[in-house]
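>>> what's the 3D shape of this:
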Amino acid sequence: MVVRKEKRNRKYLGTRRWGVGNIKNARGAGDRGGVGGAGARKHNFTHMVVYNRHLLHKKGFTKWDQHKLDGITLDQISKISASAKGDTLELENCKVLSNGNLGKPLTIRAAGFSKKAAEKIKAAGGTAVAFNGDAKE
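From the prediction side, this is the model:
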């Protein structure tokens with residue numbers, strides 16, 4: 001027996017939005033739920049939580065090799081040096097900022113220094129040495 005082609009449904013021909021009611025009910029990508037990770041806060045939320053949790057609560061772009069330094073002020077350094085022995089202080093992964101003053105001469109080794117902080121350390125009689133070996137006396 002020959003399989004006949006099913007008759008084309010002409011029910012919605014001539015209408016503006018093929019049976020979705022108001023025009024705004026089927027507008028753009030919101031009608032399709034987006035593509036990929038779109039709709040993470042609505043209908044794809046469970047999938048995102050289970051499989052792509054690392055993508056939640058992030059905005060913008062971050063350079064992959066960018067390492068942020070912690071900031072430490074000269075006031076904090078003077079408090080640390082008051083309780084510590086010796087006149088050398090090593091601060092890994094820190095940038096020394098110029099807020100405050102040093103009470104005594106110190107040799108400070110850190111990942112970075114602001115210009116004013118290096119000047120204040122020099123004025124107090126100390127030295128500022130970056131971990132890459134640049135001394136700012």
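>>> note down every partner strand of the longest strand belonging to the chain and its orientation.
The longest strand of the chain (DSSP state E) is strand 88-97. When sheet partners are counted by DSSP bridges, strand 88-97 sits next to strand 70-73 (parallel), strand 107-113 (parallel).
>>> could the ones you listed be laid out in CSV, adding distance to residue 89, mean pLDDT and mean neighbour count?
All C-beta atoms are positioned from the backbone trio N, CA, C, and that covers glycine. Listed next are the strands paired with strand 88-97 as CSV, based on distance: least, Cβ to Cβ, whole Å; pLDDT from 0 to 100; neighbours: other Cβ atoms under 10 Å:
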stretch, distance to residue 89, mean pLDDT, mean neighbour count
strand 70-73, 10, 92, 15
strand 107-113, 5, 93, 20
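>>> let's have the ones you listed in CSV, adding distance to residue 85.
Listed next are those as CSV, based on distance: least, Cβ to Cβ, whole Å:
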stretch, distance to residue 85
strand 70-73, 19
strand 107-113, 14
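>>> map the structural domains onto the sequence of the chain.
Per the record, the chain has its domains at 10-60, 70-136, by automatic domain parsing.
>>> what's the span of the shortest one from first residue to last?
With Cα to Cα, to the nearest Å as the measure, the first residue of domain 10-60 is 47 Å from its last.
>>> what residue ranges in this structure score low on pLDDT?
Within the chain, the stretches with pLDDT under 70 are 1, 28-43, 62-66, 133-137.
>>> in it, what residue spans correspond to helices?
29-32, 45-51, 74-83, 115-123 (DSSP state H).
>>> what is the third one packed up against?
In this structure, helix 74-83 packs against strand 88-97, helix 115-123, with contacts taken as 3 or more Cβ pairs under 8 Å, 6 or more residues apart in numbering; DSSP states H and E.
>>> please write out the alpha-carbon positions of it in PDB.
Coordinates of the C-alpha atoms in helix 74-83 are reproduced here as PDB (Å, rounded to 0.1, in the frame of the first residue of the first chain):
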ATOM      1  CA  LEU A  74      53.500  51.100  56.200                       C
ATOM      2  CA  ASP A  75      51.400  51.400  59.400                       C
ATOM      3  CA  GLN A  76      50.800  47.600  59.300                       C
ATOM      4  CA  ILE A  77      54.500  47.000  58.700                       C
ATOM      5  CA  SER A  78      55.500  49.200  61.700                       C
ATOM      6  CA  LYS A  79      53.100  47.200  63.900                       C
ATOM      7  CA  ILE A  80      54.500  43.900  62.700                       C
ATOM      8  CA  SER A  81      58.100  45.100  63.100                       C
ATOM      9  CA  ALA A  82      57.500  46.200  66.700                       C
ATOM     10  CA  SER A  83      56.700  42.600  67.700                       C
END
